[in-house]
Structures are given as C-alpha cells and as structure tokens.
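Asks: build me a structure from this.
(6 chains)
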4 protein chains.
Amino acid sequence: MKQSPRVLGRPRHNENAKPTKDIVLETATRLFIKEGYKNISMDDVAKACNVTKATVYYYYPTKGDLYTSALIAMMDRIRLAILHILEQPSPFKERLEQLVEVHLSATVDIDMKNFMREASINLSESQLKEVHISENKIYQTIEQAMQLEMEKGTIRKGNATFFAHTFMAMMSIGYFKDGEGKRLFNTVQETAKEVTTFFWQSVHNNE
Amino acid sequence: MKQSPRVLGRPRHNENAKPTKDIVLETATRLFIKEGYKNISMDDVAKACNVTKATVYYYYPTKGDLYTSALIAMMDRIRLAILHILEQPSPFKERLEQLVEVHLSATVDIDMKNFMREASINLSESQLKEVHISENKIYQTIEQAMQLEMEKGTIRKGNATFFAHTFMAMMSIGYFKDGEGKRLFNTVQETAKEVTTFFWQSVHNNE
Amino acid sequence: MKQSPRVLGRPRHNENAKPTKDIVLETATRLFIKEGYKNISMDDVAKACNVTKATVYYYYPTKGDLYTSALIAMMDRIRLAILHILEQPSPFKERLEQLVEVHLSATVDIDMKNFMREASINLSESQLKEVHISENKIYQTIEQAMQLEMEKGTIRKGNATFFAHTFMAMMSIGYFKDGEGKRLFNTVQETAKEVTTFFWQSVHNNE
Amino acid sequence: MKQSPRVLGRPRHNENAKPTKDIVLETATRLFIKEGYKNISMDDVAKACNVTKATVYYYYPTKGDLYTSALIAMMDRIRLAILHILEQPSPFKERLEQLVEVHLSATVDIDMKNFMREASINLSESQLKEVHISENKIYQTIEQAMQLEMEKGTIRKGNATFFAHTFMAMMSIGYFKDGEGKRLFNTVQETAKEVTTFFWQSVHNNE
DNA sequence: AATGAATGAGGTTTCATTCAT
DNA sequence: TATGAATGAAACCTCATTCAT
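Replies: Take a look at the predicted model:
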C-alpha cells in the first residue's frame, strides 16, 4: 500500500484546518493513553496524523517531550473537568458522585498512576517535574474542595490531602475488569453511587 | 590451619545453588517490577543473572512467557502473604492494618494495576488469562475474609468484592510520592493506621 | 534626563550591521573549522547566526557551496596574512619565524590538510577545484618568496615548492597535543623559534 | 537487488574462515581510512563485510568503539613497521629513507593527524585516551631511535621528541596532491630521498 | 544444560533540502 | 529578504528470536 504522494516543503495553507501541532498532540495523547509510552512509536503517531516522523520531530524535539506535553494536556483537561463539577451549586455528595461518573465515562481506560509510572521510568528529570506539577494541581483542586466542605461542616475535619487521594484511588475501581472482561458494577451510575456512598460513610459529619 | 572439609569425588554441581531457572525467574521478576515489561530486555535479564540470553530462552520460550511466569510468581507470593496475615487470630481491623503495612514495606513500588495493564497490552490472550486467574485469586482471598467477617457480624453486610477492591485501591495510596518525592504520611505504620481507620469507618458494624 | 539623540524617519535597516550573507559565512567558517564538515549541520549554522535554515539556503544553495565559500574565504585570509608578513623588510629568517607565530596563534587548531581531506570526500568536482585553487595560491605565495630569496642568495638553490610545503608541514607541529593535552613547546614563540631554526639549518646558504 | 538469503542463528562453523570479528575490524579500518569517520556508516561496514548491522554491533557495541579499535589496530601496525625498519643494521640515514618509502607506499592516503582530529571530535573521552596512547607509542618509537643516534653521535644532540614529530610531519608531504592530482615528486623513492636529505641537513652531526 | 553467533525488524533521531508565503 | 512547515533518506542503535554446537 503506497501512501498518497506528498509534495516536499510547506503546503498551501488551508484556512479552516487545525494546526498540525495540535493534531499531533491530540493524536499522540489518544495513542499513549491506549497503549502506553513504549508501545507507541513516533512513527505510529506520525502515521495516525498522516504526516511523516520528521514532522512530529519538528514540533516535539524528542519522544519524551511529546509524552510530557501529552500528559500535561490530558491532566489539564481532567483538572478543568473536575473543577467545573466541583464549582456547581449542588450538594457536595452529589458533586462527588458526578465526579466519578464523568471521570469514568469521559476519560481514559486507565487511571493516572499508570501514566505517572511510565513517566517516572522514561522521562528526564525535568520533564518528569513538569508532569508532576500538573498532577499535583489535580489533587489540589479536589483537596481545596474538601477543605472548603470541612470548614462548612459538611464533612468531618481531617487530612484533606489524604481524603483527595483516597477518593481518586476509589474512583479507579471503576476501571477494573476481571478475566472475562466483567466490571464490578453494571453501569457507571451504579459505580458512582457505590463509591461515593462508601466514601461518604467515612467522611460525612455526624455531629 | 585446618583445611575446610571436602567430600570426595566430583561435587554434584553445587548442591546449595539454586537452579538456574529459579534464578532467572526471580531476577526477571525484580527487574520487571522496577522497570516494566518494555524497559527490560531479555539481555538485561540474562546479564543480571550472569548467563547468556540463550540460556534465558532455554527456560522461557518467549519474553511474554517469562513475564507471565514472573507475574504469576509475584502474585502467588502476594496472595500467600495476604492469606498468612488474614489467618491470624487477631481482630479483623488489626489484621487489615497489618496487611497494609506488609504490602507497603515488602513489595514493589507500585500497585498491581500497572502490571495488569502491561500484561493486557503485551501478552497473548492465553498468557493474559493465566495472569488474570492469579490476580483474581488475590482478590478472592480478601473477599472471602470480608465475607467471613460479615457473617460473624464484625463488619456490615455488603458487596464483599467491592470491599476487597476498595481496600486494595486504598492501599496503593501509600505508594504516592509528590514532585519532591514526599509521601502522604511519614511512616508505613502511620499510613497503615490512617488507611485502615478510614476503611473501617465505612464498613464496621454499628448495630 | 536627556533622550538619546535619534535620527528622524525610518532607519535604513541598521547601517552598521553586517549583511546577513557575511554573518553566515563567518559563522560557518568558524564552525566548520572547529568541528569539521560532517559535524556541523545547516541548522547549526543557522542557529549560530540567529536566522533560520531557510535563510542560510537563501544565500548558499547547498551545504557544499557554503563549505566551499567558507574554505576559500579562510584560505584567502591566510594567504593575505602570509603575504603581509613576507612583504616586510626584515630578514627572511625573521619573517619565517613571524609566519609560524601568526599562523599558530591566529588560526585554527588544525592544519589545512584536514580541510582538504573533508573537501575531497564531500565536495563536488567543481567545488573541489575552486578550493584547490585557493590552496595552491597559499603555497605559491610562500614558494615565490622562497624563489626570491634563492635568487638573492639568502638561501640555497633548491626546489622552492618542496621548501614551501616542508615549511608548512613543520608549522603544523605546533598544533600537536599529547594525551594529556600538553604541547611540544610551552609557548608559540618558542615553537616558532625552534621550527624556523630547524628549517633554516637546512636551507640557509653557507657558501 | 536482493541479498543472498541468509539463515538465522549461528551458521555452521567454517574451519578455515577468518573470525567475523577480524573481518569487521579490517574492513572498517580500510573504509574509515579512505572516507573518514562520519562518511562511513555502520551499514556501510556491515555490507562490505557481507554481514548485517546487528552483527557489527554484536562485536563492537558502538561506532565509536569500532573506530577506536580500528585506529589502534592501524597504529599498532604502523608502529611495528616503523620499529622493524629502525632495528635494521643499516646506517641511520638510510633507515630514515626507508621509513618514508614504506610509510608512503604501504599505508594510507593520508596522515595520522586526520584520524586524530576525527577522533578528538567524535570519540568519547576514554576512547580518545586509548587512541592517544597508541599514537604516542609511534612517536616514542622514533624518538627512541633518535635518542640512540644522538648518543652514538650520528646526529647532533637536540630535542628528540621534536625531531620525531618534525620527521613525521615532513613525511606527510608525500601525500600532497595539487588540483590536477600531481604529486610533489614523481616517485616515492624520490620523495623519500628528498625528505630525508632535507631532514638530515638539519640534524646530522658536523663536528 | 548452556552458549556464541547471527539476523530482521523496528526504534529514535538527524539532516539536507524544498516550497509557499 | 527571510521564514515556517514539511519531507525522504539515512544515521545509530536495540531487541526478540533462532540455531548449530
């Protein structure tokens, strides 16, 4: 199968097309999420974007840089989605439930821990630091909401960071599939309800 | 000076030495745990064992097989350790606390999800199934203990599988490190206590 | 506070600034001399000039052309420097000594042979010819001086071309560094004196 | 053009064939000498040896290592050839003449300086050190002969190291070709005679 | 039981060059 | 005059795997 032939040099600019750089980043993010860092080659990314490897390198000088950018973009999206939900006026417990629902249906097949692990193995010190900052921001967003609710008296006083991490960890249960591909609960909604209820039982204020 | 005593005749190939096959498996397990499937080559394993690649292939026909065996061996060890603790006579809550402690100090830097992910990407259908079985057994071990305690009335009645997964997920919080390498809690003991307390708050029976 | 005085109207594109073409050539020369043809990419040159690759190509249609121009410019400079010294009124031996001094301190870390070699491997027939012409001119300059001194009777009659090459070859001793980076002589002056003395011993006229 | 197909794995051992490692080294040496480090790719070497790149890497873990080994092997050969000549019983001047002759006809198209330059640009610190040691040994071999002849009174007392370097530098004149490919002298013998005579004029003892 | 030699496929990266603007 | 975007070819290197010994 021959690729459609392409002229050298800069192609005529198409007004309403997305910039190549963005296409590369989005495609790469999608692929990395599905298959992980080592299983996706720069050529895979290039082919999925219909450009050549050299083009990918034109925008992202190393594979590590591309991965770094992809992770950061992904985490930023996640953080904003979380923030958006947490800023709603509905009761905290409901917002938490929605968080799980959105997280499980919208994103990825997999939780952030995996990405952080691949990052820590494969990225350079400085790249890793960048990713860590983005990760932290996610936790801080949840943490701040927890803090606020503690002050409001909705939930009991405690270690907000710990609460945030616990909640995120519990979320990830929703991704579990057993050998036959069966999930723990039948629907995302049910998962969300169960997880939140469990969490709430520990943190709600029963003064 | 006394000579060290020596048996007569040709020694039967150093009886105390572990069989090569086991050395390979243990070494491989250690390496895969630290760096993941794709980051460890068969040559890495061979070198770390002080044998040649061909020797590794002599015992494990493909890299996937080696990984499969390594995961299964690891999970079996984990399951047995868990079982050992859960069979103690001490109160359930204490046993749970011990579980966290042992898990965090003994094993890996990382929770099982990572391995399952790499497995699902890189292994063949049948290899993956084998690993899944071993994984399931771990959850079942905890699940059964939960079931038992429900019947005894120590904890409230509920979805034991869900409880098991929740507990395991919460454990993994102990591995978290932020950008500066700081953990959530200072000691493994503290982590164990906090995690268990949180979990217990949700599941204990307060009839 | 007085404002710095300013001419009215649009400045004619910074008159004191060197034309880009010259900047590129000078920068390229410097880089090629330090690292050789193959180790310097067009992008390296561009970056060192603070322009883009395309700009470099705007002035020099191929890398070979740029290298050719760089070599020729360098050799012209060398030839003029040599000529300048040889035209002085001081005794020939002194002029030779000065030649060594200037050559060793001013130029490069390396003698012309290296450049000729890279040229012969990497340049096109016609480019190579251009460079050869420039190289020849250098030798001819020295050769003519030798010829003149032979006629004047300062040095013995002999093969002036051979003398010129011998002298240039001996100069290059000054660049030698051993494994620890130590030179043969401590100062350029000492080198110049030793080299010239050695050469003079062979060529001076002792009628 | 398809290569003749080759079976995987270790081929049946051919008794009287040279070991592959040696073939690779010899071929690589030849190619590097002709075209220089950067102009010869590992694939070039492999193809010239009728093996695959991977085989070359099997014996020489990096291109730098291969180059290092090639240079060292070459320099060792040169040193031994030089030593062999210098140990003859004939008069020193004759031996020097022979040195030039053999050097110019046997080896390379190019003098050692080029290799040292490419080495210094492209090799690692430790590889470069290895090469430097081999280079030094060549100079020391000549130096010692000079020293000996000084003591015998054949040549005047002086800086033996300087003499050795000067002689080697003068040798390299024999490689010079002008734009039309013409050499300075018609035959190697003539070159040898002229060079030696020039050198001798400076160093012979005329007490 | 273990090894040494070899391969083919593929990975990341570099680079000279082109072309529309 | 100068640039930004893109390419194709080739560079270095890695790795799972094979097979005669």
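
Asks: next, see if stretch A:43-52 gets close to DNA strand E.
Replies: Yes. Using C-beta under 7 Å from any atom of the strand, stretch A:43-52 reaches DNA strand E at A:43-44. C-beta here means a position set from N, CA and C on the backbone, and glycine is covered the same way.

Asks: distance between that stretch and the chain's centre?
Replies: How far stretch A:43-52 lies from its chain's middle: 23 Å, per C-alpha atoms, centre = their mean, to the nearest Å.

Asks: just the buried residues of that stretch, please?
Replies: A:44-46, A:48-49, A:51 (16 or more other C-beta atoms under 10 Å in any protein chain shown).

Asks: excluding its backbone neighbours, what's nearest residue A:43?
Replies: In space, and not counting its chain neighbours, residue A:43 is closest to residue A:53: 5.4 Å by C-beta to C-beta, 6 or more residues apart in numbering or on different chains.

Asks: ok, the one you found - contacts?
Replies: When contacts are counted by C-beta atoms under 8 Å, 6 or more residues apart in numbering or on different chains, residue A:53 is found next to A:42-43, A:46.

Asks: repeat the analysis, applying 10 Å as the threshold.
Replies: A:41-47 (C-beta atoms under 10 Å, 6 or more residues apart in numbering or on different chains).

Asks: likewise residue A:46?
Replies: Neighbouring residues of residue A:46 by C-beta under 10 Å, 6+ apart: A:24, A:27-28, A:52-57.

Asks: taking those, please make a PyMOL selection of just the buried ones.
Replies: For the buried members of those, the matching PyMOL selection, counting by 16+ other C-beta under 10 Å, is:
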select buried, chain A and resi 24+27+28+55+56
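
Asks: so which of the contacts of residue A:46 belong to helices?
Replies: A:24, A:27-28, A:53-57 (DSSP state H).

Asks: filter these down to the ones near DNA strand E?
Replies: A:53-54, A:57.

Asks: filter those down to the ones close to DNA strand F.
Replies: Okay, of these touching DNA strand F (C-beta under 7 Å from any atom of the strand), that's A:53-54.

Asks: got the ones next to DNA strand E among the ones in helices among the contacts of residue A:46 as TSV, with pLDDT columns?
Replies: Output for these, formatted as TSV (pLDDT from 0 to 100):
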residue	pLDDT
A:53	97
A:54	97
A:57	98
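
Asks: which of the ones next to DNA strand E among the ones in helices among the contacts of residue A:46 lies closest to residue B:32?
Replies: residue A:53 (29.4 Å; C-beta to C-beta).

Asks: can you tell me how far the nearest residue to residue A:78 once chain neighbours are set aside is from chain B?
Replies: Distances taken as C-beta to C-beta, 6+ apart place residue A:138 nearest to residue A:78, at 6.0 Å, with adjacent residues excluded. As judged by C-beta to the nearest C-beta, to the nearest Å, residue A:138 and chain B stand 12 Å apart.

Asks: before we move on, what about residue A:81?
Replies: Residue A:81 is 21 Å from chain B, where distance means C-beta to the nearest C-beta.

Asks: which residues are in contact with that residue?
Replies: Per C-beta under 10 Å, 6+ apart, neighbours of residue A:81: A:99, A:102-103, A:106-107, A:138.

Asks: any buried residues in whichever helix in chain A runs longest, and which?
Replies: The longest helix of chain A (DSSP H) is helix A:125-152. Within helix A:125-152, the residues scored as buried using 16+ other C-beta under 10 Å are A:127-128, A:130-132, A:134-139, A:141-143, A:145-147, A:149-150.

Asks: and that helix, what does it pack against?
Replies: Contact here means 3 or more C-beta pairs under 10 Å, 6 or more residues apart in numbering or on different chains; DSSP states H and E; on that basis helix A:125-152 packs against helix A:63-86, helix A:92-106, helix A:112-122, helix A:160-171, helix A:188-203.

Asks: closest one to residue B:82 among those?
Replies: helix A:160-171 (18.3 Å).

Asks: and that closest one with helix A:92-106, angle?
Replies: Here helix A:160-171 runs at an angle of 50 degrees relative to helix A:92-106 (axes from the mean of the first three to the mean of the last three C-alpha atoms, to 10 degrees).

Asks: and the pLDDT for residue A:109?
Replies: Note on residue A:109: pLDDT of 58.

Asks: now do the contacts for the closest residue in space to residue A:29 that isn't next to it in sequence.
Replies: Closest residue to residue A:29 apart from its sequence neighbours, by C-beta to C-beta, 6+ apart: residue A:70 at 4.2 Å. Neighbouring residues of residue A:70 by C-beta under 10 Å, 6+ apart: A:24-33, A:37, A:40, A:45, A:60, A:115, A:131.

Asks: among those, which one sits closest to residue D:123?
Replies: Nearest member of those to residue D:123, counting by C-beta to C-beta, is residue A:60, at 30.2 Å.

Asks: number of residues surrounding that closest one?
Replies: Summarising burial for residue A:60: neighbours were counted as other C-beta atoms under 10 Å in any protein chain shown, giving 21.

Asks: that one reaches residue A:73, doesn't it?
Replies: No. With contact defined as C-beta atoms under 10 Å, residue A:60 does not count as touching residue A:73 (11.9 Å).

Asks: so what's the residue count around the residue nearest to residue A:143 when sequence neighbours are not counted?
Replies: Take residue A:143 and drop its neighbours on the chain: the residue closest to it by C-beta to C-beta, 6+ apart is residue A:164, 4.3 Å away. Around residue A:164 there are 21 other residues, counting by other C-beta under 10 Å.
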